[in-house]
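Trainee: 3D, please:
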Amino acid sequence: MKKIVLVVVFALLGMNANAQEQLNKNKKVEIEVNGNCDMCKKRIEKAAYSVKGVKSATWNVDHQDLHLIIDETKCTVLDVEKAIAKVGHDTKDIKATDEQYAKIHGCCLYRTEEKH
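Mentor: Modelled structure (predicted):
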């Protein structure tokens, strides 16, 4: 009986270790983030870094993309997208609310109907 219990325990530990190994501590990710200028860049990158587990965040105004290195054991891409939306910027999957968007500077308004 003890042998069966030990076998089951080791099997479960092995599955848990396997699941942990699949999470990447230095996962490179690229996500689309809307913005216009260097003020947007600063705001977007600051929001990304506010998420525990973000190791690197660089937003490119010309390509409208954010290059990230994240620790998947601490955060997800969705966590980062939510943080960015909270400061008024849309991503491909998460849109800022109208209230959040209204708080950004006038030159940062990137939605087509409101561009200056």
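
Trainee: what residues does stretch 28-39 touch?
Mentor: The contact list for stretch 28-39, computed with Cβ atoms under 8 Å, 6 or more residues apart in numbering, reads 41, 43-44, 59, 61, 64-70, 77, 80-81, 84, 89-92, 105, 107-111, 115. To be clear about C-beta, it is placed using only N, CA and C from the backbone, and glycine gets the same treatment.

Trainee: now stretch 45-52
Mentor: 54, 57-59, 66, 68, 70, 74-75, 79-80, 83-84, 86-87, 89.

Trainee: let's see that stretch as PDB, backbone CA atoms only.
Mentor: Below are the C-alpha coordinates for stretch 45-52, written out as PDB (Å, rounded to 0.1, in the frame of the first residue of the first chain):
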ATOM      1  CA  GLU A  45       5.800  51.500 -21.000                       C
ATOM      2  CA  LYS A  46       5.100  52.700 -17.500                       C
ATOM      3  CA  ALA A  47       1.800  50.800 -17.400                       C
ATOM      4  CA  ALA A  48       3.500  47.600 -18.700                       C
ATOM      5  CA  TYR A  49       6.200  47.900 -16.100                       C
ATOM      6  CA  SER A  50       3.600  48.300 -13.300                       C
ATOM      7  CA  VAL A  51       2.700  44.600 -13.800                       C
ATOM      8  CA  LYS A  52       4.800  42.300 -11.700                       C
END
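
Trainee: what about the helices in this protein?
Mentor: Taking DSSP state H as the criterion, the chain carries its helices at 2-22, 38-49, 77-86, 98-102.
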